[in-house]
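Colleague: kindly generate the corresponding structure for this input.
(one chain, ligands or ions: 1)
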Amino acid sequence: MSEAADGTGGGAAGGASAGAAGGTGAGRRVGEGTRAVRAGLPEPVKHEPTLPGPVFAAHFHLPGEPTGPYTYGRDENPTWTHLERAIGELEAPGRDGVETLVFASGMAAISSVLFSQLRAGDAVVLPSDGYQVLPLVRAQLEAYGIEVRTAPTGGDAQLDVLDGAKLLWIETPSNPGLDVCDVRRLAAAAHARGALVAVDNTLATPLGQRPLELGADFSVASGTKQLTGHGDILLGYVAGRDTEAMAAVRRWRKIVGAIPGPMEAWLAHRSIATLQLRVERQNAGALAVAEALRAWHEDLGVRYPGLLSDPSHKTASQQMHGFGCVVSFTLPTRARADRFLDALRLVDDATSFGGVRSTAERRGRWGGDAVPEGFIRLSVGAEDPQDLVADVLRALHESAR
Ligand SMILES: *Cc1c(COP(=O)(O)O)cnc(C)c1O
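Modeller: Have a look, this model is predicted:
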């Protein structure tokens, strides 16, 4: 029995929305599956493939004046152009004036926003419970004379430290704690104080949440996770609606050269065609696993924003179209958690999340996240949900012995 209406979440789940230009035909309203399948496709050309193959070029023929679009391979590449259009159509369907830039990794995208927007003497607000590399970024920002303030994601606590900040960085749902904050409320408060707003949209994917529609200036994500979903490439992107700010992000990409290879960009685009299928299946599986864990006789402190009983559920259902594929819970001890992971047969003990093959790990093994020793982050793949539930319950039994 399902607690939430369906695995893909509340809000406008599955609803049609404005069709994007290009791949889905300008102005037509189509469903999310259709949009994902056609995202970023160029106009058909006789004898050409539907999705043109990767363009491997360090430089392009360029006689005369060096005008764009394609001059040198660190600045632009036609394979990125198709992928950037695809992601833009998903992050901001039917909206003009949104620019998307792809990067070599999620961290390249995140750093490009932070380091292009902030100057010595500025203040930035980061989440205290966000992605585990943020503390390293914090140290680097501070070394450049930027004031870094942090507050937890839950309870919209970042509101309390906003005064005088230049940029607010939101991560919702947060990884790995799965707390959620109210993006509309935080964005309005930040804008009232003249601050820009960026949302890390990695966990939700653009099908689960569209930060630009909720008021953010940047939607930033790691495409390494569910966006591409096969655990075989690293990728990142920034989508933004402020032309000047995006020009600075583009300049940063050029300066640091944090560019994706054409092969990775093409694989990512190919993978996006199945995004809606994967998200629907994985989110439904995550809800099934979360419910099974919650029904277990020990209190495992299960967190999943799709559970009606979850502290994040109310806010999540106001701004998300799906609740993600990550479930977290806490086993009583580190040894129990290790036995549980060992006993799983369908779930690989590996880091990262969002892939079609389920993974889980004891998050505390890395240090850095403020989580208990027995804390498990489980990423639900595209296996049959009943098989995963059975595997998880069997591993819980076996590890209890
Ligand atoms: C993985 C992740 C990142 C970093 O992405 P990479 O592609 O590994 O560089 C950033 N934010 C969140 C929320 C992540 O899960």
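Colleague: quick check: closest non-adjacent residue to A360.
Modeller: Spatially, and ignoring its direct neighbours in sequence, A360 is nearest to L378 (4.2 Å; CB to CB, 6 or more residues apart in numbering). All C-beta atoms are positioned from the backbone trio N, CA, C, and that covers glycine.
Colleague: list the contacts of S358.
Modeller: G285, L346, V347, D348, L378, S379, V380, G381, E383, L388 (CB atoms under 8 Å, 6 or more residues apart in numbering).
Colleague: interface residues of the chain facing the ligand?
Modeller: 105-107, 110, 131, 171, 175, 200, 202-203, 222, 224-225, 234, 236 (CB under 6 Å from any ligand atom).
Colleague: neighbours around the residue in the chain that the ligand sits nearest to, how many?
Modeller: Here the residue of the chain nearest the ligand is G106; by CB to the nearest ligand atom that distance is 2.3 Å. G106 has 23 neighbouring residues, counting by other CB atoms under 10 Å.
Colleague: for the one 4 residues further on, same thing?
Modeller: I110 has 27 neighbours, counted by other CB under 10 Å.
Colleague: tell me who's in contact with it.
Modeller: Y131, V137, D200, V220, G236.
Colleague: just the buried ones from those?
Modeller: Burial by neighbour count, 16 or more other CB atoms under 10 Å: within these this picks out Y131, V137, D200, V220, G236.
Colleague: quick one, what contacts the last one?
Modeller: With contact taken as CB under 8 Å, 6+ apart, G236 is in contact with 102-110, 220-224, 258.
Colleague: grab the nearest non-local neighbour of L275.
Modeller: Nearest one to L275, counting by CB to CB, 6+ apart, is A36 at 4.4 Å.
Colleague: measure the one you found to D160 for me?
Modeller: Distance, A36 to D160, by CB to CB, to the nearest Å: 38 Å.
Colleague: and I376, helix, strand or coil?
Modeller: At I376, secondary structure determined by DSSP: H, G, I helix; E, B strand; the rest coil is strand.
Colleague: before we move on, the earlier item: which one's more surrounded, A36 and D160?
Modeller: For A36 versus D160, neighbours defined as other CB under 10 Å are more numerous around A36 (26 against 11).
Colleague: got the contact list for G121?
Modeller: By CB under 8 Å, 6+ apart, the neighbours of G121 are G145, I146, E147.
Colleague: where does it land in three-state SS?
Modeller: G121 - assigned by three-state DSSP - is coil.
Colleague: please, where are all the helices along the stretch 151-300 of the chain?
Modeller: 183-192, 205-208, 243-256, 262-272, 275-295 (DSSP state H, counting those that start in this stretch).
Colleague: tell me the most buried of the ones you listed?
Modeller: helix 205-208 (a mean of 28; mean count of other CB atoms under 10 Å).
Colleague: show me what it is packed against.
Modeller: helix 78-91, strand 218-222, helix 275-295 (3 or more CB pairs under 8 Å, 6 or more residues apart in numbering; DSSP states H and E).
Colleague: V180: neighbouring residues, count only.
Modeller: 29.
Colleague: pretty sure H47 sits in a helix.
Modeller: No. H47 is assigned coil when assessed by three-state DSSP, not a helix.
Colleague: tally of neighbours for it?
Modeller: H47 has 4 nearby residues by other CB under 10 Å.
Colleague: for it, phi and psi?
Modeller: Backbone torsions of H47, given as degrees, to the nearest 10, read phi 70, psi 0.
Colleague: where does this structure dip in pLDDT?
Modeller: Scanning the chain for pLDDT under 70 picks out 1-28.
Colleague: hey, where'd the strands end up in it?
Modeller: 17-18, 29-30, 99-103, 123-127, 147-151, 167-171, 196-200, 218-222, 236-240, 326-330, 348-349, 359-362, 375-379 (DSSP state E).
Colleague: indicate which one of those strands is closest to R85.
Modeller: strand 99-103 (7.4 Å; CB to CB).
Colleague: now the residue nearest to the spatial centre of the chain: how far from V326?
Modeller: For the chain, the residue nearest the mean C-alpha position is T202 (0.9 Å; CA atoms, centre = their mean). From T202 over to V326 the distance is 10 Å, taken as CB to CB.
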